[in-house]
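A.B. asks: after the sequence you'll find the predicted model.
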Amino acid sequence: MPAPLRERLRAGPQLRLRDDDAARTPLRARDGRDKRSRHDIKQAERDATAGLTEQIARLQEMLFAQRRRKVLIVLQGMDTSGKDGLVRSLYSRLNPMGVRAVQFKAPNDVEAAHDFLWRVHQQVPVAGEIAVFNRSHYEDVLVPRVQHQIDEPECRRRLAHIRDFERMLAETGTVIVKLFLHISSDEQRKRLQARLADPEKQWKFDENDIVQRKRWDEYRQAYEEAIVATDAEHAPWYIIPADAKTHRNLLVSTLLLEILGALELAYPAPDQELARLTIS
């Protein structure tokens, strides 16, 4: 029997983010006997994801009804790795009353005047809620480091602050799930080129993407070191192969179902007095 997906995707202490890792498909081995077309495989993955998301939706309703636990999903990855697409996939069947997406961009003047975790703490999930961070507090140990806006001692301090921050969240009832959407450099090039070629997607393109792409190796190293430094049992990192979008969504749905299923969620016990009431 294969190990649970959360064990197979878990980041390890010897993490190395190689491009050939980005397209691996740990749910199944594909070989020459698989005669399905690429379209058939994608549709099968979409159908499987839809079924898993229905099960997640029921667990999410229990989480919301109990109002005891909190779930924080952190999405990180290189530009075009699919963070927005994954958020859309997660939201497709969940009750929006108990799910909230937060996107972190460059801090504004007020945010920059505080410590770097100040704006993040305001957005963590409340009891019964799932919060999805599209980018997160990890941006403050990635971009400033690669851009040489902070030095190595400051980066180490920030990583220590993140470890303490996440430990505090976990100890107060937050289940933390950190996902690194891992695409290859070649796949990023294709996606950027596709944005330029599609008039309806050009709005997503930023010329700075080309500038940042030239620093691919620096960002990869920064990610490796940040993930290894902050991976913990209470706040684990999972590496999600993300070159194939439908497979990425299937992996994440499978992983979340495993994690939520392990929380022993249930609806609150019924009130027998209420059951005897008659509505006129």
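C.D. replies: Here it is on my side, so go on.
A.B. asks: which residues in the stretch 51-200 of the chain form strands?
C.D. replies: 70-77, 99-103, 130-134, 174-182 (DSSP state E, counting those that start in this stretch).
A.B. asks: quick check: Asp40 vs Asn249, distance?
C.D. replies: Applying Cβ to Cβ, to the nearest Å, the value for Asp40 to Asn249 is 17 Å. From N, CA and C alone the C-beta is placed, and that goes for glycine too.
A.B. asks: how about the strands of the stretch 51-200 of the chain in JSON lines, adding mean neighbour count, mean pLDDT and distance to Ala229?
C.D. replies: Output for those, formatted as JSON lines (neighbours: other Cβ atoms under 10 Å; pLDDT from 0 to 100; distance: least, Cβ to Cβ, whole Å):
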{"stretch": "strand 70-77", "mean neighbour count": "23", "mean pLDDT": "97", "distance to Ala229": "14"}
{"stretch": "strand 99-103", "mean neighbour count": "17", "mean pLDDT": "94", "distance to Ala229": "23"}
{"stretch": "strand 130-134", "mean neighbour count": "22", "mean pLDDT": "96", "distance to Ala229": "18"}
{"stretch": "strand 174-182", "mean neighbour count": "23", "mean pLDDT": "97", "distance to Ala229": "12"}
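A.B. asks: export the ones you listed to CSV and append columns for distance to Glu154.
C.D. replies: Converted to CSV, the strands of the stretch 51-200 of the chain look like this (distance: least, Cβ to Cβ, whole Å):
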stretch, distance to Glu154
strand 70-77, 20
strand 99-103, 25
strand 130-134, 22
strand 174-182, 22
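A.B. asks: relative to Thr53, which of these is closest?
C.D. replies: Ranking the strands of the stretch 51-200 of the chain by proximity to Thr53 (Cβ to Cβ) places strand 99-103 first, at 11.7 Å.
A.B. asks: in its sheet, what does the closest one sit against?
C.D. replies: Here strand 99-103 has these sheet partners by DSSP bridges: strand 130-134 (parallel).
A.B. asks: what lies in contact with the partner strand?
C.D. replies: Outside strand 130-134, the residues within contact range by Cβ atoms under 8 Å, 6 or more residues apart in numbering are 60, 63, 70-75, 83-84, 87, 90, 94, 98-104, 120, 123-125.
A.B. asks: picking up where we left off before, compare Asp40 and Asn249 (neighbour count), which wins?
C.D. replies: Between Asp40 and Asn249, counting by other Cβ atoms under 10 Å, Asn249 is the more crowded of the two (26 against 11).
A.B. asks: count the neighbours of the nearest residue to that one once chain neighbours are set aside for me.
C.D. replies: Of all residues not flanking Asn249 in the chain, Ser89 sits nearest, at 4.5 Å (Cβ to Cβ, 6 or more residues apart in numbering). Ser89 has 21 neighbours, counted by other Cβ under 10 Å.
A.B. asks: where do the helices sit along the stretch 151-280 of the chain?
C.D. replies: 152-171, 185-197, 207-213, 216-230, 245-261, 272-275 (DSSP state H, counting those that start in this stretch).
A.B. asks: comparing the ones you listed, which comes out most buried?
C.D. replies: helix 245-261 (a mean of 21; mean count of other Cβ atoms under 10 Å).
A.B. asks: which strands and helices lie in contact with it?
C.D. replies: Judged by 3 or more Cβ pairs under 8 Å, 6 or more residues apart in numbering; DSSP states H and E, helix 245-261 is in contact with helix 5-8, helix 38-66, helix 83-91, strand 174-182, strand 237-241.
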